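Enquirer: below are the sequence and a predicted model; questions follow.
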Amino acid sequence: MLVVQKYGGSSVATLERIRSCAERCLLAAAHGDRVVVVVSAMSGETNRLIALANELVRGKAETPGKGPYVAPAKHTPEHERELDQMVATGEVVSAALLAMAIQDCGGQAVSLVGRQLGLTTDRSFGRARILGIDAERIERELARGQIVVCAGFQGVDEEGNVTTLGRGGSDTSAVALAAALRADVCEILTDVDGVYTTDPRVVPHARKIDRISYEEMLELASLGAKVLQIRSVELAMRYGVRVHVRTSFDDREGTLIVPEEPQMESILVSGVALERNEAKITLVGVPDVPGVVAKIFAVMSELGIVVDMIIQNAGAHGHTDVTFTVPENELDRARTAIEGLRFADVAPTVVTDREICKISIVGLGMRTHAGIAAKAFALLAAESINVQMVSTSEIKISVVVHERYGELALRVLHDGFGLGDPPA
Ligand code: ADP
Ligand code: ASP
Ligand code: MG
């Protein structure tokens with residue numbers, strides 16, 4: 001067997017934890033498995049490094065803004081390059097420490113970083129996409145009997161610049177390496193013992209899910225369940241990588257992420273997610289003519305800002321309002337760009353709102369069952385929670401509500417759809 005094990009930040013937070021990861025790697029190797037390990041930076045380290053750069057540029061040590069990417073203090077390619085060069089070191093340190101810890105226990109291990117991994121990406125610093133993996137070096141080390149410890153979260157572009165894969169990107173490193181090496185399993189070892197019906201830190205009676213489909217996991221990850229980075233699930237689905245999310249603290253079985261199985265559609269709602277890091281932008285009274293939304297999208301895509309929900313209201317007297325959401329740490333840039341637009345030569349009136357969050361319910365059963373939206377809205381109404389925006393897809397319903405009601409809405413939907421109950 002070839003096993004990829006990914007240890008997240010909390011699993012390598014202290015030297016003691018690193019030693020216990022080393023023991024776990026050695027146990028797998030003792031079973032006769034070839035072992036490739038991917039590590040994150042020690043918990044808090046990536047934030048610390050980003051804050052240092054912020055302090056240098058802005059004069060104050062801000063903790064990084066919340067969002068899916070490494071947020072630079074300055075949007076120049078030069079600054080972004082250096083930021084990636086710096087934040088990638090967090091993973092370099094933990095990979096080397098884990099390799100030393102394995103050697104200390106009598107095992108053979110070698111750590112590899114960025115270029116040594118053969119992981120090539122595009123040039124979007126802070127959010128780079130993987131272009132390819134040349135696993136020759138890793139395979140050579142495995143053939144020599146080494147446990148190969150890879151620094152997660154990083155690659156190099158075609159010119160050899162260090163790039164990073166976005167917050168939580170070590171998950172993606174692990175799945176990509178598992179795909180390239182045709183590993184039998186990619187274990188994501190973390191501080192929870194699996195994927196739950198919702199974040200167990202917010203809803204303590206959430207239930208662990210034994211098996212979940214790629215499609216549902218993809219939705220949950222993109223809707224705020226931070227247990228896996230979205231791209232890692234996309235890659236797992238595309239290449240059929242078997243992913244097992246489990247805790248690094250003991251041997252309990254976790255959650256398997258698998259292709260859809262026939263009985264899965266009988267479950268209406270599998271999970272509920274809360275995304276706090278969204279903000280809302282409204283353009284008031286823009287001309288109700290074709291091309292308004294196109295213009296907004298064009299400028300957002302130039303800036304690399306991912307627009308999420310969009311609503312264009314029915315127009316009245318030739319004017320209309322357009323509302324959309326963006327990641328909260330992109331709000332200021334988005335606002336400035338939108339204010340710079342002209343609609344029929346008139347600058348738009350722009351209203352922004354950070355005090356929102358998005359709650360989503362996900363389930364394959366929504367494809368074939370009616371009435372789930374009605375039930376969700378009734379549950380929210382019973383708690384007097386006002387719904388500001390709605391969007392749906394085949395297997396999910398998302399609503400935007402005031403931030404203040406986020407956790408309440410999450411609990412109400414979670415419990416209203418019976419997710420805290422033991423499985424039938
Ligand atoms: P790591 O540092 O190991 O990558 P993360 O903090 O990125 O770990 O992800 C694990 C966390 O994800 C858990 O501690 C939990 O609070 C959160 N989480 C959010 N939604 C879920 C969910 N549906 N199931 C399990 N964990 C979740
Ligand atoms: N250390 C990086 C982060 O904090 C990547 C990861 O942990 O997966 O986002
Ligand atoms: Mg993570």
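Expert: Yes, it's here. Ligands and ions are numbered 1, 2, ... in the order given.

Enquirer: mind checking the pLDDT average for stretch 19-35?
Expert: When pLDDT is averaged over stretch 19-35, the result is 97.

Enquirer: and the residue in the stretch 101-250 of the chain that ligand 3 sits nearest to, how many residues sit next to it?
Expert: In the stretch 101-250 of the chain, the residue that lies nearest ligand 3 is residue 168 (4.1 Å; C-beta to the ion). Just so you know, the C-beta spots here come from the backbone N, C-alpha and C atoms, and that holds for glycine as well. Neighbourhood size, residue 168 [other C-beta atoms under 10 Å]: 22.

Enquirer: now swap in the one 10 residues further on and tell me
Expert: Counted with other C-beta under 10 Å, the neighbours of residue 178 add up to 28.

Enquirer: test of understanding: give the bridge partners of the residue nearest to residue 353 when sequence neighbours are not counted.
Expert: Leaving out its chain neighbours, the residue that sits closest to residue 353 by C-beta to C-beta, 6 or more residues apart in numbering is residue 280, at 4.4 Å. Beta-bridge partners for residue 280, by DSSP bridges, are residue 325, residue 353.

Enquirer: need the contact list for residue 280.
Expert: Residues near residue 280 by C-beta atoms under 8 Å, 6 or more residues apart in numbering: 323-325, 352-353, 356, 388-389, 400.

Enquirer: if you set the cut-off to 6 Å instead, what comes out?
Expert: 325, 353, 356 (C-beta atoms under 6 Å, 6 or more residues apart in numbering).

Enquirer: with residue 185 instead?
Expert: Neighbours of residue 185 in contact, by C-beta under 6 Å, 6+ apart: 3, 242, 244.

Enquirer: likewise for residue 411?
Expert: So residue 411 contacts residue 203 (C-beta under 6 Å, 6+ apart).

Enquirer: if we use 10 Å, what do you get?
Expert: 198, 202-203, 205-206, 272, 274, 359, 383, 420 (C-beta atoms under 10 Å, 6 or more residues apart in numbering).

Enquirer: before we move on, back to that, ok, now how distant is the residue nearest to residue 353 from residue 191?
Expert: From residue 280 over to residue 191 the distance is 31 Å, taken as C-beta to C-beta, to the nearest Å.

Enquirer: are stretch 151-158 and ligand 2 in contact anywhere?
Expert: Yes - for stretch 151-158, a contact with ligand 2 is found by C-beta under 6 Å from any ligand atom, at 152-153.

Enquirer: buried residues, that stretch. List them.
Expert: 151-157 (16 or more other C-beta atoms under 10 Å).

Enquirer: mind checking which of the contacts of residue 185 are buried?
Expert: For the contacts of residue 185, buried by 16+ other C-beta under 10 Å: 3, 244.

Enquirer: restricted to strands, list the contacts of residue 185.
Expert: Residues of these located in strands (DSSP state E): 3, 244.

Enquirer: of all the contacts of residue 185, which comes closest to ligand 2?
Expert: residue 244 (17.1 Å; C-beta to the nearest ligand atom).

Enquirer: the nearest residue to the closest one once chain neighbours are set aside: neighbouring residues, count only.
Expert: Nearest non-adjacent residue to residue 244, counting by C-beta to C-beta, 6+ apart: residue 187, 4.9 Å away. If you count neighbours by other C-beta under 10 Å, residue 187 ends up with 24.
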